[in-house]
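Engineer: structure for this input, please:
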Amino acid sequence: MEKKRTLHPEIKGLLILIGSVLLILCLLSFVHGSPQANWLGMIGYGIGLGLMWTLGLSAYLAIGYIGWIGWKMIMGKQTKILSLKTLYFTLGILSLSMLLSLFAEKGGLSSGLMQSHLYSEIYLSSYPFPHKVVRFNLGGVPLYYLLCDIPIFNLQHLLSNMGVLITFSLTGLMSLILFTNTRIIPLSKSIWTLLKQIGKFLKKVGADLKPKKVIKRKKPTYSPDLIAPYEPPSPQIMEDPLVDEEVSNEEPSDLKISTHIEKRPKAVKTPKNMDTKSYVGAFKKFRLPPLNLLTNAKKIDKPTLKKDLEKQAKILEETLLSFGVEGKVGEINCGPTITSFEVHPPVGVKVQKIKVLENDIALNLQAKSIRIIAPIPGKAAVGVEVPSLYPQEVGFKEMLAEYQRGSKKLHIPVMMGQTVSGENVIADLTKMPHCIIAGATGSGKSVCINSIVMSILMTARPDDVRLLLVDPKKVELSSYANLPHMIAPVITEAHGAYAALNWLVGEMSYRYEMLKRLKLRNIHAFNHRKVNQALEDEIEMEIPRKMPYIVAIIDEFADLMMASSADLETPIARIAQMARAVGIHLILATQRPSREVITGLIKANFPSRISFKVASRVNSQIILDENGAETLLGNGDLLFLPPGSHVLTRAQGVFVRDEDINRVIEYIERQSGPQYLIKSFDQMAPTEVPGLDGGGDGKDDLYSKAYEVITETGTASTTFLQRKLKIGYARAASLMDELESNSVIGSQDGSRRRVVLKKD
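Structural biologist: The predicted structure is shown next:
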């Protein structure tokens, strides 16, 4: 009889090795729920799904074992007792899979990249309340079922988690020893020897790192005879390292003394090279706060989001059809708190016809409020913005991390929030260059101010940006008082705010004079100039090496306008009109955006506005020049008007926790204390501030003109003074109060006109 022909061992090994390579490719490109992403198509996806369902991550080891067998066959080394080794390997794989399942059950998986390559399941958990949970099967479905899903006889119930960990760790270790044919006693001796060598090495390193005590003990042990030949080196020798080398060459017997002399110039060099005129010198060792001081944003699971959005889109189409508008929903953008549906109406349908259906659409979608954009700028569609079913928090840490990873860097970045499409809104304050923030109480205005301050603290050093904070409420911004970024302590009084604004006007004039003499155009050119020391010495004013930006934030601006009789409008208008080029930027925040607070002069010089939810359409028109802010949801939902644009951007404001703010402040304060330029604006007496009431002497420049107008015409009213003197409401009211205190006019009596007591 002829012997049966068998394949050559190398051919067998090659086929097995190729098969293992194909299997590993199926696993590496496996993405659960995306067959098209697999490198080997549907077949590869099915193989990857089967392996992940059965073994989880242990499938990679199983494929590696198969490849190892194929390689042995190719090399002609037939593995002895293969069946026994396979048994040991199988025991190890099962132990590893059980440990991985236990690891997944305890919530030990946070990598989004790894999660997408695993087989996951969604199941309903009833503890501590009914909720949906996503299960990632790290060790495969069968062993996960054996671990915790079998009623009563599951391993968690029988052995507890600690028992499962101990049992399968021991079985895995035993299978590894048997598979590698390792002798236990020689292995333990080798490990013990290695540990002793590591211990000796660490002791040696620790001894080398200890400070040498030779220098400290030298002086007391020297006798006068030994000290006499060595006189202290002259200042010239201390500053020039080359001279020190000569000393060490001439006297080689005293190497320790010469080495000590060589180190001293390094300590002297640092202050010598430090520029006393620059902010850089004082904060040379300052480090920006790291990201790990911030908390990650809370994420909410959205398992049925796609079905819910399709259901809402269908209801929206049916609602429009019931009113005679045949529109089709196109793209759906799901943001953190707002979902935007793009509706494509047929030709001939007026946009206004859809816009008037706002309340009817909100009724059928069971939404608190909706906003219709008719049309979406740049698209042939109408936008319908509806509150999201699963609102998400916009994390400050994630947005800041993405900005730091990006290549585009801004001078003063401000983290605003995320748009409906999920894009980050990060503005540059130097481009804005001033901003008005308005919103009702509880709408997110204070959180926005804190996010602006935190954006500056996390991205700018104290020598780059200085802060001037005005907080009439005395609690919102008081925690920032001791930062090195602060120009002065937080201002809480009305006369202090006016004094600070006047100081800013003076600082602006000083900076412009400096730029004029140096023939530079703006602060950027100043900070990046080539220093001409001869030219700067000729100028009769102190020229710093670096000019920091100044950001002034005034919270509750309406309260200041009411409480102070001074004219805040004039210095604010002057700063807003001129201060951009010298790096001074204003941010005004108010909860009452009325025409008396945001006057035409102020509004014209603040191109950037941020509006949270306001009470009425009138307030929305004042702050944004159009409707829409009254329909916002609150809790950080905002409309942002960028500079140089008339298109509003809707976004969910970034959220910064109080504990994160406190950690960042503590980190900065540990590095440097407050570096105030002004001791306190609030401690200035009201009489020291020009323009404030100090009595009845008429301290306003227009007091004499107002007196003449009132006494000549016999008419006394605030609006009358506004028209005649062409001033704002606040200043006219201040003049009326001064005239009343000086007994020129009588007190106000309801709706009647004031009586003029003095007439020419």
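
Engineer: Leu588 falls within a strand, correct?
Structural biologist: Yes: judged by DSSP: H, G, I helix; E, B strand; the rest coil, Leu588 forms part of a strand.

Engineer: so who does the nearest residue to it once chain neighbours are set aside touch?
Structural biologist: Nearest residue to Leu588, sequence neighbours excluded (C-beta to C-beta, 6 or more residues apart in numbering): Phe557, at 4.6 Å. Yep, even glycine has a C-beta here, placed from its N, CA and C like the rest. For Phe557, the contact set (C-beta atoms under 8 Å, 6 or more residues apart in numbering) comprises Leu588, Ala589, Thr590, Val597.

Engineer: gap between the spatially closest residue to Asn161 that is not a sequence neighbour and Glu738?
Structural biologist: Among residues not flanking Asn161 along the chain, Leu102 sits closest, at 6.3 Å (C-beta to C-beta, 6+ apart). Distance, Leu102 to Glu738, by C-beta to C-beta, to the nearest Å: 79 Å.

Engineer: gap between the residue nearest to Leu588 and Ile449?
Structural biologist: Computed as C-beta to C-beta, the Phe557 to Ile449 distance reads 12 Å.

Engineer: repeat for Gly406
Structural biologist: Distance from Gly406 to Ile449, by C-beta to C-beta: 24 Å.

Engineer: where does pLDDT dip in this protein?
Structural biologist: Low-confidence segments of the chain, defined by pLDDT under 70: 1-9, 77-81, 107-115, 122-134, 205-282, 563-567, 685-699, 750-751, 760.

Engineer: domains of it?
Structural biologist: Here the domain parsing of the chain from automatic domain parsing is 9-184, 214-273, 305-387, 396-671, 693-760.

Engineer: most packed of these?
Structural biologist: Mean neighbours per residue, mean count of other C-beta atoms under 10 Å, is largest over those for domain 396-671, with a mean of 19.

Engineer: and Pro142, how far is that from Leu91?
Structural biologist: In terms of C-beta to C-beta, Pro142 sits 15 Å off from Leu91.

Engineer: let me fix that: Gly496
Structural biologist: Distance, Gly496 to Leu91, by C-beta to C-beta: 77 Å.

Engineer: show me the contacts for the closest residue to Ile437 other than its chain neighbours.
Structural biologist: Nearest in space to Ile437, with sequence neighbours left out and distances taken as C-beta to C-beta, 6+ apart, is Ala589 at 4.2 Å. By C-beta under 8 Å, 6+ apart, the contact set of Ala589 is Ile436, Ile437, Ala438, Lys445, Cys448, Ile449, Ile553, Ile554, Asp555, Glu556, Phe557.

Engineer: could those residues be laid out in JSON lines, adding distance to Glu326 and secondary structure?
Structural biologist: As requested, those are arranged in JSON lines below (distance: C-beta to C-beta, whole Å; DSSP: H, G, I helix; E, B strand; the rest coil):
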{"residue": "Ile436", "distance to Glu326": "42", "secondary structure": "strand"}
{"residue": "Ile437", "distance to Glu326": "41", "secondary structure": "strand"}
{"residue": "Ala438", "distance to Glu326": "39", "secondary structure": "strand"}
{"residue": "Lys445", "distance to Glu326": "42", "secondary structure": "helix"}
{"residue": "Cys448", "distance to Glu326": "41", "secondary structure": "helix"}
{"residue": "Ile449", "distance to Glu326": "46", "secondary structure": "helix"}
{"residue": "Ile553", "distance to Glu326": "50", "secondary structure": "strand"}
{"residue": "Ile554", "distance to Glu326": "51", "secondary structure": "strand"}
{"residue": "Asp555", "distance to Glu326": "50", "secondary structure": "coil"}
{"residue": "Glu556", "distance to Glu326": "50", "secondary structure": "coil"}
{"residue": "Phe557", "distance to Glu326": "48", "secondary structure": "helix"}
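
Engineer: and those as a markdown table, adding distance to Tyr119?
Structural biologist: Putting the contacts of Ala589 into a markdown table (distance: C-beta to C-beta, whole Å) gives the following:
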| residue | distance to Tyr119 |
| --- | --- |
| Ile436 | 53 |
| Ile437 | 48 |
| Ala438 | 51 |
| Lys445 | 46 |
| Cys448 | 43 |
| Ile449 | 46 |
| Ile553 | 51 |
| Ile554 | 56 |
| Asp555 | 52 |
| Glu556 | 55 |
| Phe557 | 57 |
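
Engineer: which of those residues sits closest to Ala730?
Structural biologist: Phe557 (11.1 Å; C-beta to C-beta).

Engineer: gap between that closest one and Glu121?
Structural biologist: 54 Å.

Engineer: any chance of the domains of the chain in JSON lines, with distance to Thr193 too?
Structural biologist: Formatted as JSON lines, these follow (distance: least, C-beta to C-beta, whole Å):
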{"stretch": "domain 9-184", "distance to Thr193": "15"}
{"stretch": "domain 214-273", "distance to Thr193": "35"}
{"stretch": "domain 305-387", "distance to Thr193": "58"}
{"stretch": "domain 396-671", "distance to Thr193": "45"}
{"stretch": "domain 693-760", "distance to Thr193": "85"}
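
Engineer: quick one, which of those domains is nearest to Asn296?
Structural biologist: That would be, of the domains of the chain and by C-beta to C-beta, domain 396-671, which comes in at 6.0 Å.

Engineer: can you give me the end-to-end span of the closest one?
Structural biologist: Domain 396-671 has an end-to-end distance of 23 Å (C-alpha to C-alpha, to the nearest Å).

Engineer: quick one: that domain to chain centroid distance?
Structural biologist: Domain 396-671 sits 16 Å away from the centroid of its parent chain (C-alpha atoms, centre = their mean, to the nearest Å).

Engineer: ok, stretch 291-299 next?
Structural biologist: With C-alpha atoms, centre = their mean, you get 9 Å for stretch 291-299.

Engineer: which parts of it are buried?
Structural biologist: Leu293, Leu294, Ala297 (16 or more other C-beta atoms under 10 Å).

Engineer: find the nearest non-adjacent residue to the first one, please.
Structural biologist: In other words, Leu293. Leu293's closest residue in space is Arg663 (C-beta to C-beta, 6+ apart), at 4.5 Å.

Engineer: A helix includes the one you found, no?
Structural biologist: Yes: under three-state DSSP, Arg663 sits within a helix.
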